[in-house]
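J.: coords please:
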Amino acid sequence: MYIGIDGGGTHSTGVLCDGAGRVLARREGGGMNFHTRGMDAVRDEIHELTEALLRDAGVSAGKVCLGLAALDAPAEKPVLEELITDPLKREEVRMVSDTAIALWGLTRGGSGMIMICGTGSMMEAMDDAGRTWVRGGWGYRLGDPLSGYSLAVGGLRAVFRAEEHLGPQTSLRASALSAFSAENPRKMLDALYAPECTPARLALFAEAVTEAARAGDPAAVQVVEGEIGEMAEAAGVFLREVPGIRRVGLHGGIFAHNPWIRTAMADRLREGFPDLCVDVPEAPPEIGAVWMRMAEEHALTDRVAEETIRSYKEWMKT
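T.: Predicted coordinates for the structure are as follows:
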């Protein structure tokens, strides 16, 4: 049995598959970024999610691969020891970054680059020799371009600039007042600086920003185009540094919920790299995690991988 978990900043998804690639269970849970939620909360999320998967599948154990938003490399022993409790055995668990498992969902362990834009943003690439590099993922305090958090902050800044006649009036004003239950922008400060206004909570306002941009609001368009440009520039530099990358996958809530942003990013990348294949991964990160763990056990074949995709699609229909 193999368990794959995509532990993002806002929510997590886990699957359990048998050795033939058949999906036997799927569950969702809360965010698993221990930098923002803390070790205790993430330990509980991992325990509850894995226990539910094992219970749903009617099995007692499995080999596990966890992809966590808080990591940019395989977890060191102290992190693994602090986060993994029963019913899992630490020696059966591999803990890597969420970009690593997303890349496996794109290439099945081959060369390529993945760009994730969700609550945060990050990129990871693997060359033909199996060497990996990461870029971004600095977190909300230092800025992750084209992340939900960065888009939300950009939209709120546009509201504050308009309030002080430093920028154009924007429809985001009404959206922000509604989202944060305030009478005017100044009154929003209480909600924005309250303890419950976590980075994940604030990132939810990104949806209002992208919707306003799509409707043509000048301030929102400026925010979104600026974020796309910054991320595209970083990706271009990355692609020049890592030799032989011919395929890029775009993943995360920003791309999934805004196909026009995904198209804009693909167009920007192809401007500098005309032969680049830019697409969404063939499998979600939780399946990429299963494949990564299977490959370590020499159990991943094309037939198994294809069965996993088929089975997962069937599961999602039910």
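
J.: What are the boundaries of the strands in this structure?
T.: With DSSP state E as the criterion, the chain has strands at 2-7, 11-17, 23-30, 63-68, 93-97, 112-117, 121-126, 132-136, 247-251, 277-279.

J.: Val79: which of those is closest?
T.: Closest to Val79 of the strands of the chain is strand 93-97 (Cβ to Cβ; 7.0 Å). The way it works is simple: take the backbone N, C-alpha and C, and place the C-beta from them, glycine included.

J.: what does the closest one rub up against?
T.: Here strand 93-97 makes contact (Cβ atoms under 8 Å, 6 or more residues apart in numbering) with 64-69, 71-75, 79-80, 83-84, 122, 124, 134, 137, 292-293, 296.

J.: Then stretch 153-172?
T.: Counting by Cβ under 8 Å, 6+ apart, residues outside stretch 153-172 touching it are 173, 175-176, 184-186, 188, 192, 202, 205-206, 208-209, 212, 215, 217-220, 222-223, 226-227.

J.: Export that stretch to CSV, keeping only CA atoms.
T.: The C-alpha coordinates for stretch 153-172 follow below in CSV (Å, rounded to 0.1, in the frame of the first residue of the first chain):
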residue,chain,number,x,y,z
VAL,A,153,-1.7,42.2,-0.5
GLY,A,154,-1.3,43.9,-3.8
GLY,A,155,-5.0,44.3,-4.1
LEU,A,156,-5.3,45.8,-0.6
ARG,A,157,-2.5,48.2,-1.3
ALA,A,158,-4.4,49.4,-4.3
VAL,A,159,-7.4,50.0,-2.1
PHE,A,160,-5.3,52.0,0.4
ARG,A,161,-3.6,54.0,-2.4
ALA,A,162,-7.0,54.9,-3.9
GLU,A,163,-8.2,56.0,-0.5
GLU,A,164,-5.3,58.4,-0.2
HIS,A,165,-5.6,59.6,-3.9
LEU,A,166,-2.3,58.0,-4.8
GLY,A,167,-3.8,55.6,-7.3
PRO,A,168,-7.0,55.0,-9.4
GLN,A,169,-10.3,54.3,-7.8
THR,A,170,-11.0,50.6,-7.8
SER,A,171,-13.9,48.2,-7.4
LEU,A,172,-11.6,46.3,-5.0
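
J.: in that stretch, what counts as buried?
T.: 153-156, 158-160, 162-163, 167, 170-172 (16 or more other Cβ atoms under 10 Å).

J.: Also stretch 79-93?
T.: Buried-residue list, stretch 79-93, by 16+ other Cβ under 10 Å: 79-80, 83-84, 88, 93.

J.: Among these, give me the pair with the biggest separation.
T.: Every pair of the buried residues of stretch 79-93 checked by Cβ to Cβ; the farthest is Val79 and Leu88, at 14.2 Å.

J.: So what's the model's average confidence on stretch 276-286?
T.: For stretch 276-286, mean pLDDT rounds to 94.

J.: And that stretch, end to end?
T.: End-to-end distance for stretch 276-286: 25 Å, by Cα to Cα, to the nearest Å.

J.: contacting residues around that stretch?
T.: Outside stretch 276-286, the residues that reach it (Cβ under 8 Å, 6+ apart) are 4-6, 13-15, 26, 67, 98, 101-102, 104-106, 114, 239, 245-251, 255, 262, 265-266, 269-270, 288, 291, 305, 308-309, 312.

J.: What mean pLDDT does stretch 193-201 get?
T.: On average, stretch 193-201 scores 90.

J.: Report the contact partners of the residue lying closest to Gly67 once chain neighbours are set aside.
T.: Once flanking residues are discounted, Gly67 sits nearest to Ile101: 3.5 Å by Cβ to Cβ, 6 or more residues apart in numbering. With contact set as Cβ under 8 Å, 6+ apart, Ile101 has these partners: 4, 6, 65, 67, 285-286, 288-289, 292.

J.: Go again with 6 Å.
T.: Going by Cβ atoms under 6 Å, 6 or more residues apart in numbering, Ile101 touches 67, 285, 288-289.

J.: coming back round to it: just the buried members of the contacts of strand 93-97?
T.: Here, 16+ other Cβ under 10 Å leaves 64-69, 71-72, 75, 79-80, 83-84, 122, 124, 134, 137, 292-293 buried among those.

J.: which stretches of the protein aren't confidently modelled?
T.: 86-87 (pLDDT under 70).

J.: Pop the domain breakdown of it in here.
T.: 2-109+282-317, 148-279 (automatic domain parsing).

J.: which of those domains sits most buried?
T.: domain 2-109+282-317 (a mean of 20; mean count of other Cβ atoms under 10 Å).

J.: How far does that one stretch from one end to the other?
T.: With Cα to Cα as the measure, the first residue of domain 2-109+282-317 is 21 Å from its last.

J.: Would you pull up how far that domain lies from the middle of the chain?
T.: Distance, stretch centre to chain centre, for domain 2-109+282-317: 14 Å (Cα atoms, centre = their mean, to the nearest Å).
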